Structures are given as structure tokens and as C-alpha cells.
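[1] can't give you the sequence, but here's the structure:
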């Protein structure tokens, strides 16, 4: 079972929820897909023994075969190739590694060479996986694709996503059985939650909401969820103590047994949500 | 006009709250929200819309199934598994690269521009404001950020400042938010994760040779990490220009769509004014 944790926006407590959940489920896999700023390791504290480079294929021109016709630049949709005075210039950072230029070249003058854009780090058993995009690199999707290829389908998998609702998040949650949307009760939180809801609905993945930093004064998330018939899975109250523990890299489940129980219940609700959806399909 | 981008490595550190506070305190400026995936500033900055446009920031393959012979060459060429076994293009997977178009022997495939978002320019009480909303799950958020910045440039008169509310992360959207700016202010929090995020985003600023300054939000939440951040900034030549205390009343004010400035929180307002003063002093020296 693959469970993705997402939030529309960063800083709502996505990693807190994902890491807490992972720490109460026996024998599960934790996957940090927030490859621009991975944080799960701060809480899970895995022994990251293994490292793999993530390589992409970028074009390289064999000048002997190239006649400077410009077909490659014309084909490239990402402006990663320019042909100036018959000479081909390649900008590897903006290349989307699609290989269209190779296919378009009439003289077979383009080959592809490997280029490293980031790394994957895991522990011995790949119970913990995180990706890290190299500084200055714009495109992170190949790292997420690589991580997703390492998912273990025999155990529950918790996927911590990156913020936002763009193609990166789409890639992270694709194929997941359930999405937990983490939000906070502020006008910003509600706005971003609506975006996340639209995304998971578009992708047809069952989902529920966790309200972080909850208090009694703001009912906006509750009324939105009620109106849309969205299940509120759990509420984590706003407290300075929790924020202080978080700042030290300590999860609520570690400092308070009651939270361990609550997160176990959260996992049960998620399982229910997943099987509920399966029933409706068949 | 000097362009200052406020970024954070990670969301939720208080970037938008700081920028919206500055939008009241700083005179003679323009504003842009470059967090196109989860824009928030427009919620606080209501104004009169001057311009609204659909943005066509990506392309997508379209298969004419009446011509298609189902030879499979396009499926083989596509590195994003975006073409289904019954030759339909899966829109969320298609990168719009056109590899399929190149290999199709019967010209059954062509690329079409697709709408990926909407751009807005508004006249607000605090100056001209540009923002955009990326369509759900769309590609090309970096390009949309560039569009937001292009749009505001078209309205430029003699304003002194452009305050840019940046996006989280270190990838394409952030790079598009900070390219060509005069300085970045990194808003961070004294948490273990905040420190690691800060180190990564400061390296991005260094990589693009943009002067970087740091503001520590909720600095009294963890004094140890705050001093680690200060040491790190000191060693890396990034001045810490502001330290804002943890104050739950800021969130309470936000619930009523108010910045700490409008809520009359003098202590926080003074700190933000001082931070801006230090920033201006540094920038005039650059």
C-alpha cells in the first residue's frame, strides 16, 4: 500500500505527519520525494549507507557527422539546443532528456552521454529512501522517477512529497493508493488545500485531510471539508511545545505515547479509506 | 529599480507574511508573487485587476486516431510513458517534447499549445502587483514565474523597489524567481530542518552569484539552532539582517487576513522596519 503525504504548500507539517506515521507502522518504507529540500532523515535518523548517482542522458554532438542543419534545435521544445553559424550549442541544465534531438538528426550526429543531476541515499535495506537534487539544477523529475522505481510493494510505503501541485507532485503521487493532505487553519492553508484537493481528485486517488496547528477559533477547514464531504482524519493542536520539539528534530510520537496511538489510528483510517475505494470499484 | 526576492528553501517559514508586511512599510515599490504553485499574496492584497491572461506555457502531443496506424513507434520513442496502449496521450505525463511527432511515419501526431495557468496584474493600494496561478498538475512552472516578472516589468515607472515573494525549494521555480535579482533575503526558522534547507538555498544563491541576506523567523524557538544559523551565515558571508520572535498572535491576525503591521503588533513591526533598514544599507553598498 502506497500512502502519499502532500500539502499544496510547504511548512504545514507534511514531514511531521509522514515521519510520525512511518515511525508507528511496523515494517514500512519511508520515501522522501521532496528532493529539493528533503527533511525526513532529520526525524527518522536512518543510517544512510548507500548512495547512487541519478544520471540523465543529454545530447552530445559528433562534429564529424554534423552538417549544422539545425534540425535538432528546431525539434527541441525546451530551447536546450541552439545552432549558431553551423555549430551546435547544448545547454544541459535545461535539457528534458527526451531524446527528440537524437531522433530528429538526419545524420545520426547526436549521441547521448550521462550527466549526474542528483543522488539517491538509502539505508542498507532501502527502508528509507531520499533523493537530493544537486544545487543549481532545475529539473528534479528524473530523481523522483528513480525513487519510485525503488518502492517495495510488500510493505506499506509512506511518500513525503514536495510542496505545490505541479508536475513534480503529480509524479510523486502517481500510482499511490491514498493521499493524506496536510493543512493548517489559516486563509493561506485553506487556499492551498483547495489546490491539493483538485489535484488528487483529478488523479482519482482517495484522500483525507489532517489539520495541523489546529485550534478552536478557525472553522474554515472544517466547513470546507464538510461541504465537500472530505474526511478529516486527524487534528494536531497548535502548541509551542510541539514547535520546540520539532525544532530539535523530535516528533510528537516520540515525546508522547498518546500521539503514537493517534498515529496508529490514523493509519487504520487510511487503510479503511483505501479498502473503501476498492469496494466501490468492484 | 532594485529587485529583492524573498525565498526560504522551504515553505511555511513566514515569507509571505514578511513580504506582505513590507508591502505596507516600504514606499515606492512594486510587488510580485512568484510562488505560482501556491500563490498566497493575492489573498491579502485585494486590488483592481488591470490585466488577466491565459498562459500557454507548455505543449502537448495530440494524436489523430483516424490517421494513426498503431505502429507503436511513438510509444517506443516516448521516454515519459505518456502514450497509452490504445494510443491516447496521457496529459499529466506528456512533457510536450515532440519525440513522438518526429518518429510518426504517417504524421498522425502534432504538438499543441496548452494552457498551464493564468496571469494577473492588479493595481493595489500598495502598488502594482503581478501574480499567476498555475493550473493543477501543470508543467512549466518556472516559465510561468518568468512571465510574472515580465508582466510587472511592463508597468514599471520609476519605482525604487520590486519585492518578489519567491517560491519554495531550490529547483526551476526558485531559479526563475531569483535570476537577475539584486539580492535575495532567505527567511528561515531555527529548526534542524530549517538549517539544512538554509544551507542548500544559500548555495543556490552563491551558485548564481546573488548577494544573500538572512532573516530568522521565530528565532527564540530554539536558541541553539539560532546561534548555529548565525555562525553558518557569518562563515559564509551572508549577513543576518533580522530576527523575529515567535508570536502566536501573528497567526491569529492572519486568520483575519491581517499582517502583524495591520494588527498593530508594534514589536514585530519595529523588527521588520529594522530589518528593511539593514537591507537597504547593505544594498546601497553593493
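    That came through, no problem. Because the structure is a prediction, the values reported are computed rather than measured.
[2] Contacts only, for residue B:114.
    Residues in contact with residue B:114 (C-beta atoms under 8 Å, 6 or more residues apart in numbering or on different chains) are B:56, B:58-60, B:91, B:96. The way it works is simple: take the backbone N, C-alpha and C, and place the C-beta from them, glycine included.
[3] again, 10 Å this time
    B:56-60, B:62, B:91, B:94, B:96, B:135, B:138-140 (C-beta atoms under 10 Å, 6 or more residues apart in numbering or on different chains).
[4] From what I see, residue A:266 and residue A:22 are in contact.
    No. Using C-beta atoms under 10 Å as the test, residue A:266 is too far from residue A:22 to be in contact (11.5 Å).
[5] In terms of neighbours, single out the busier of these two.
    residue A:22 (27 against 21; other C-beta atoms under 10 Å in any protein chain shown).
[6] Would you check how far apart that one and residue A:270 are?
    12 Å (C-beta to C-beta, to the nearest Å).
[7] which neighbours do these two share?
    A:3, A:156, A:158.
[8] What is the neighbour count of whichever residue of chain B sits closest to chain A?
    Nearest residue of chain B to chain A: residue B:12, at 0.9 Å (C-beta to the nearest C-beta). Residue B:12 has 24 neighbours, counted by other C-beta under 10 Å.
[9] Look up how far residue A:243 lies from the closest residue to it other than its chain neighbours.
    Among residues not flanking residue B:12 along the chain, residue A:11 sits closest, at 0.9 Å (C-beta to C-beta, 6 or more residues apart in numbering or on different chains). To residue A:243, residue A:11 is 12 Å away according to C-beta to C-beta.
[10] Show me which of the two is the more surrounded one.
    Neighbours were counted for residue A:11 and for residue A:243 using other C-beta under 10 Å; residue A:11 has more, 24 against 17.
[11] rewinding a little: what is in contact with residue A:11 and residue A:243 at once?
    With C-beta under 10 Å, 6+ apart as the test, residue A:11 and residue A:243 both reach residue B:189.
[12] Return the helix or strand in chain A with minimum mean pLDDT.
    helix A:257-281 (a mean of 82; mean pLDDT, DSSP states H and E).
[13] Any buried residues in that one, and which?
    A:259-260, A:262-263, A:266-267, A:269-270, A:273-274 (16 or more other C-beta atoms under 10 Å in any protein chain shown).
[14] name the element the residue sitting furthest away from the middle of chain B belongs to?
    Relative to the mean C-alpha coordinate of chain B, counting by C-alpha atoms, centre = their mean, the farthest residue is residue B:69 (43.9 Å). Under the criterion DSSP states H and E, no helix or strand holds residue B:69.
[15] What sits closest to residue A:40 if chain neighbours are left out?
    residue A:32 (4.1 Å).
[16] how about the helices of chain B, start to end?
    B:15-25, B:41-44, B:73-77, B:99-103, B:141-153, B:172-178, B:192-207, B:223-235, B:248-255, B:266-285 (DSSP state H).
[17] Between the ones you listed, which one is closest to residue A:152.
    helix B:192-207 (25.3 Å; C-beta to C-beta).
[18] low-scoring pLDDT stretches of chain A, where are they?
    For chain A, applying pLDDT under 70 flags the ranges A:276-282.
[19] can you map out the helices along it?
    So, for chain A - with DSSP H - the helices run A:14-24, A:40-44, A:71-75, A:100-104, A:141-148, A:167-173, A:187-203, A:220-228, A:240-247, A:252-255, A:257-281.
[20] still on that earlier bit, filter the contacts of residue B:114 down to the buried ones.
    The buried subset of those (16+ other C-beta under 10 Å) comprises B:57-60, B:62, B:91, B:94, B:96, B:135, B:138-140.
[21] Isn't the residue nearest to residue B:12 up against residue B:13?
    Yes. Contact criterion C-beta under 10 Å: residue A:11 and residue B:13 qualify, at 6.1 Å.
[22] what residues are shared contacts of these two?
    With C-beta under 10 Å, 6+ apart as the test, residue A:11 and residue B:13 both reach B:168, B:189, B:194.
[23] Now do the end-to-end distance for stretch A:120-130.
    6 Å (C-alpha to C-alpha, to the nearest Å).
[24] Buried ones in that stretch, by neighbour count?
    A:120-123, A:127-130.
[25] and what of stretch B:147-164?
    Those would be B:147-149, B:151-152, B:155, B:159, B:161-164, for stretch B:147-164 by 16+ other C-beta under 10 Å.
[26] Show me which of the contacts of residue B:114 is closest to residue A:149.
    Among these, and counting by C-beta to C-beta, the member closest to residue A:149 is residue B:94, at 20.0 Å.
[27] check contacts around the residue lying closest to the closest one once chain neighbours are set aside.
    Sequence neighbours aside, residue B:82 is the residue nearest to residue B:94 in space, at 4.1 Å (criterion: C-beta to C-beta, 6+ apart). Residues counted as contacts of residue B:82 (C-beta under 10 Å, 6+ apart) are B:60-61, B:74-75, B:88-97, B:99-100.
[28] Which residue in the residues you listed has the weakest pLDDT?
    Least confident entry in the contacts of residue B:82, by pLDDT: residue B:92, with 84.
[29] How many residues are close by that one?
    17.
[30] likewise residue B:181?
    For residue B:181, the count of nearby residues is 20 (other C-beta under 10 Å).
[31] Residue A:221 now?
    Applying other C-beta under 10 Å, I find that residue A:221 has 21 neighbouring residues.
[32] Now for it: which residues touch it?
    Neighbouring residues of residue A:221 by C-beta under 10 Å, 6+ apart: A:183-186, A:189-190, A:193, A:209, A:211, A:214, A:230, A:232, A:235.
[33] Can you lay out these as TSV showing neighbour count and distance to residue A:67?
    Below are the contacts of residue A:221 laid out as TSV (neighbours: other C-beta atoms under 10 Å in any protein chain shown; distance: C-beta to C-beta, whole Å):
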residue	neighbour count	distance to residue A:67
A:183	31	57
A:184	26	59
A:185	23	63
A:186	22	60
A:189	27	57
A:190	18	58
A:193	27	55
A:209	23	59
A:211	26	62
A:214	19	66
A:230	17	59
A:232	16	64
A:235	17	66
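[34] now, among the residues you listed, which is nearest to residue B:200?
    residue A:184 (23.8 Å).
[35] tell me the phi and psi of that closest one?
    The phi/psi pair for residue A:184 (degrees, to the nearest 10) reads phi -130, psi 150.
[36] Apart from its chain neighbours, what residue comes closest to it?
    That would be residue A:213: by C-beta to C-beta, 6+ apart, it lies 4.5 Å from residue A:184.
[37] now the strands for the stretch 1-150 of chain B?
    Assigned by DSSP state E, counting those that start in this stretch, the strands in the stretch 1-150 of chain B fall at B:2-7, B:29-33, B:47-55, B:58-63, B:109-114, B:117-124, B:127-134.
[38] Quick check: which of the ones you listed is nearest to residue A:40?
    Short answer: strand B:2-7, nearest of the strands of the stretch 1-150 of chain B by C-beta to C-beta, at 21.7 Å.
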